[in-house]
Structures are given as structure tokens and as C-alpha cells.
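Student: One predicted model, sequence on top.
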Amino acid sequence: MIIQHVSKWEFALFSANINQVMTDRSWKEHAVIFNKWKEYHGRADSRTLDCFHLQCHGLLTNGTPGILAMFHLGNHMHWPLQMAQEGVLFDVVLDKVVYDRNPKLFDQLHRQMNKTNTYNYLFSEDPRLLFGIKQALASGKHILIFADGASGSVDSQKDQRFSIPFLEGILNVKMGIPFISSAFNVPVYTLIDQQRRNSYYLKALKPITQKPKENRFDFVLRTLDIMYRQLEIIVTKQPERWECWIYLHKNGMLNLDESIVDEGLTNHPLLVLELDGEYCVFDRRYYTAQKVNLVPLQ
């Protein structure tokens with residue numbers, strides 16, 4: 001029966017998002033990645049802190065206060081707590097809409113971090129954000145920011161973005177991290193979360209600083225290039241680790257109106273889905289759905 005081949009919207013959009021930047025992966029591979037993604041992120045809460053190893057402790061505790069740039073690679077609730085327990089001082093820039101989705105979880109994390117030192121959430125919508133960042137840096141704290149943040153926020157367009165090459169596509173990425181670095185003359189520490197079997201290791205790249213005669217635009221572009229090249233390395237080898245696949249179509253990182261699609265694809269990008277109690281065919285290349293009448297064979 002045709003009903004056996006009906007897909008779920010979650011997978012359909014996940015697959016369409018992958019196709020925007022990983023056009024070399026077949027549609028069949030998308031299903032494999034999706035299942036690995038569900039398994040990997042579904043186990044996140046069960047990971048204990050003894051699985052996490054901070055390999056950049058000396059740099060972050062003795063180095064100049066700066067911007068800690070991270071990505072959503074499945075352990076973004078563990079690393080802030082691990083860094084806090086090892087004495088790294090920082091405040092966290094967070095979208096209020098993300099906090100409001102699960103305030104109990106964020107409040108619990110906040111309480112756990114504050115057992116040793118004082119850690120604050122700085123909401124990105126707050127008009128006093130830059131003042132809060134300035135105060136934190138002056139007090140010797142770093143500023144932790146997730147470069148690929150937004151998590152499907154309806155306010156994803158509130159941030160100024162810059163288009164950069166990413167894998168086989170284009171991402172519209174936030175400029176805030178290098179902009180803040182330039183404005184306050186502090187370094188950017190790109191933190192890389194590496195997985196080895198069941199253990200995770202956080203290392204930091206060489207701090208990125210603005211060169212004496214480098215203008216702000218060139219510095220922003222260079223910094224974003226360095227940061228996202230590191231994400232490319234991880235996503236190429238372990239695409240299931242990047243949480244953003246599931247909401248990439250609505251967090252502002254894709255320009256769907258100007259998407260360029262390879263017309264030579266011949267391996268059937270269409271999926272059958274349910275929509276309002278009826279069936280439709282969803283085209284993962286163009287994000288379009290067409291209702292159809294399907295009658296199972298007798």
C-alpha cells in the first residue's frame with residue numbers, strides 16, 4: 001500500500017535542509033543521517049560530565065578575556081557547566097525566545113554553574129547588551145556565544161548577517177561575534193567539540209585578533225571563514241552532530257528565495273506526506289507541496 005511510503009514532515013524538511021549545502025549526498029543517505037541524528041541528539045541528556053574533557057583550560061583561564069565561539073554539536077548544555085566547574089569565567093549571550101522555550105532547563109543550568117562563581121545570561125534582545133558585554137569583559141570574564149544560534153527563532157532576521165560559502169552551498173551567518181571582538185578589541189576563541197568514541201574533548205583554535213591595519217569588514221569576513229571552516233570539517237565527517245539541520249529552514253541561515261538547485265538531479269527528490277488529512281507530494285529542492293489523490297491498490 002502507498003501509505004507505507006508516506007514520510008514525516010520532520011524528515012522531509014531535515015532532508016531539504018541538508019540538500020541546500022550537501023548536494024553530493026544522495027536522498028537515501030539523508031535517511032541514514034536523519035536516523036543517526038535522532039539517535040545522537042536523543043542520547044544527549046544521558047551523557048555525564050566525566051565524558052567531557054576541557055583541553056583548553058590553561059588558555060581560557062589565563063588568556064585575555066574574549067569571545068568564546070561555539071556551535072550546536074549536541075553538547076551545548078554540557079560544556080558551559082564543564083567550563084564553569086573548571087573555573088573558566090564567562091557570561092552567556094542567549095536569545096530570550098530560546099530561553100522561554102525551556103526556562104526550567106536554563107534555570108537549572110544557571111544554578112549549577114553558579115555554585116562556584118557568578119555566571120549571567122545576557123539576552124540578545126536587551127538594548128543594554130553591549131553595556132553588559134563591556135562590563136563582563138572588564139571584570140575578566142569571557143563572553144560565550146553560539147555562532148549558529150537562533151534555534152528556529154521567529155526573530156532570526158533581527159541580526160545582521162553575512163553570506164559565506166559552506167560545503168556545497170551558502171549560509172547566511174551572524175556577524176555578532178567578530179563585530180563585538182572588533183568593537184571591544186578582544187580576541188575570538190573558536191572552541192571545537194571533538195568526539196572520540198564515547199568521550200568529548202573541547203579544544204580552542206589560536207585566538208583570532210584584528211590586525212593593526214585590517215578594517216572591520218575584512219576582520220569580520222576572515223573570522224567567520226575560520227570559524228565555519230572548522231564546522232565544515234566536523235559536519236563533513238559527522239553530519240549527524242549538527243543540531244541545526246532540523247530547523248535550518250527557519251533560523252535565517254538559508255536564503256530560500258535565491259536557492260540554486262542542481263537541475264541535473266535524477267534520483268527522485270519527491271516525498272509523499274500527509275497534509276490536513278490528505279496526501280501531498282513534497283519537493284525537497286524547492287520546498288513546495290502539491291496535494292494529490294492516492295488510492296491504495298485493492
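Tutor: Perfect, I can see it now.
Student: Correct me if wrong: A69 contacts Y228.
Tutor: No: between A69 and Y228 there is no contact under Cβ atoms under 8 Å: 10.1 Å. For every residue, glycine as well, the C-beta is placed using N, CA and C.
Student: Could you name every residue contacting both of those two?
Tutor: A147 (Cβ atoms under 8 Å, 6 or more residues apart in numbering).
Student: between the two, who's got more neighbours?
Tutor: A count of neighbours by other Cβ atoms under 10 Å puts A69 above the other of A69 and Y228, at 28 against 21.
Student: list the contacts for that one?
Tutor: I145, F146, A147, I177, V188, Y189, T190, L191, M227.
Student: cool, and E10?
Tutor: I246.
Student: three-state assignment of it?
Tutor: helix (DSSP: H, G, I helix; E, B strand; the rest coil).
Student: Got phi/psi on L68?
Tutor: When quoted as degrees, to the nearest 10, the phi and psi of L68 stand at phi -90, psi 110.
Student: Leaving out chain neighbours, which residue sits closest to it?
Tutor: Spatial nearest neighbour of L68, chain neighbours left out: L144 (4.5 Å); criterion: Cβ to Cβ, 6 or more residues apart in numbering.
Student: for F131, phi and psi?
Tutor: Phi and psi for F131, reported as degrees, to the nearest 10, are phi -60, psi -40.
Student: Equivalent analysis for the one 3 residues further on, please.
Tutor: Backbone dihedrals for K134, given as degrees, to the nearest 10, come out at phi -60, psi -40.
Student: distance between stretch 277-293 and the chain's centre?
Tutor: Counting by Cα atoms, centre = their mean, to the nearest Å, stretch 277-293 is centred 28 Å from the centre of its parent chain.
Student: Mind checking the pLDDT average for that stretch?
Tutor: Mean per-residue pLDDT for stretch 277-293: 83.
Student: what's the answer for stretch 17-37, then?
Tutor: Rounded mean pLDDT across stretch 17-37 is 92.
Student: quick one on the thing from earlier: can you turn the buried part of the contacts of A69 into a ChimeraX selection?
Tutor: In ChimeraX syntax, the buried subset of these is picked out as below (16 or more other Cβ atoms under 10 Å):
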select :145,146,147,177,188,189,190,191,227
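Student: Show me which of the contacts of A69 is closest to Q160.
Tutor: For the contacts of A69, the residue nearest Q160 by Cβ to Cβ is I177; the value is 11.8 Å.
Student: Show me what the helix or strand where Y279 lies is packed against.
Tutor: Assignment of secondary structure by DSSP states H and E places Y279 within strand 278-283. Contact partners of strand 278-283 among helices and strands, from 3 or more Cβ pairs under 8 Å, 6 or more residues apart in numbering; DSSP states H and E: strand 270-275, strand 288-292.
Student: Please identify the deepest-packed of those.
Tutor: Counting by mean count of other Cβ atoms under 10 Å, strand 270-275 has the highest mean neighbour count of the helices and strands packed on strand 278-283, with a mean of 16.
Student: list the helices and strands that one packs on?
Tutor: Going by 3+ Cβ pairs under 8 Å, 6+ apart, strand 270-275 lies up against helix 9-21, strand 278-283, strand 288-292.
Student: Now intersect the contacts of A69 with the strands, please.
Tutor: I145, F146, V188, Y189, T190, L191 (DSSP state E).
Student: Walk me through the domains of this protein.
Tutor: Per the record, the chain has its domains at 2-42+261-292, 49-239, by automatic domain parsing.
Student: Which positions in the top helix by length along the chain come out as buried?
Tutor: Longest helix of the chain, by residue count under DSSP state H: helix 216-237. Burial within helix 216-237, assessed by neighbour count using 16+ other Cβ under 10 Å, is assigned to F219, V220, T223, L224, I226, M227, Y228, Q230, L231, I234, V235.
Student: so who does D91 touch?
Tutor: Y119, N120, Y121, L122, G132, I133, A136, K141, H142, I143, L144.
Student: Pretty sure the first one sits against H110.
Tutor: Yes: at 6.9 Å, Y119 counts as touching H110 under the criterion of Cβ under 8 Å.
Student: Alright, that wraps it up for me.
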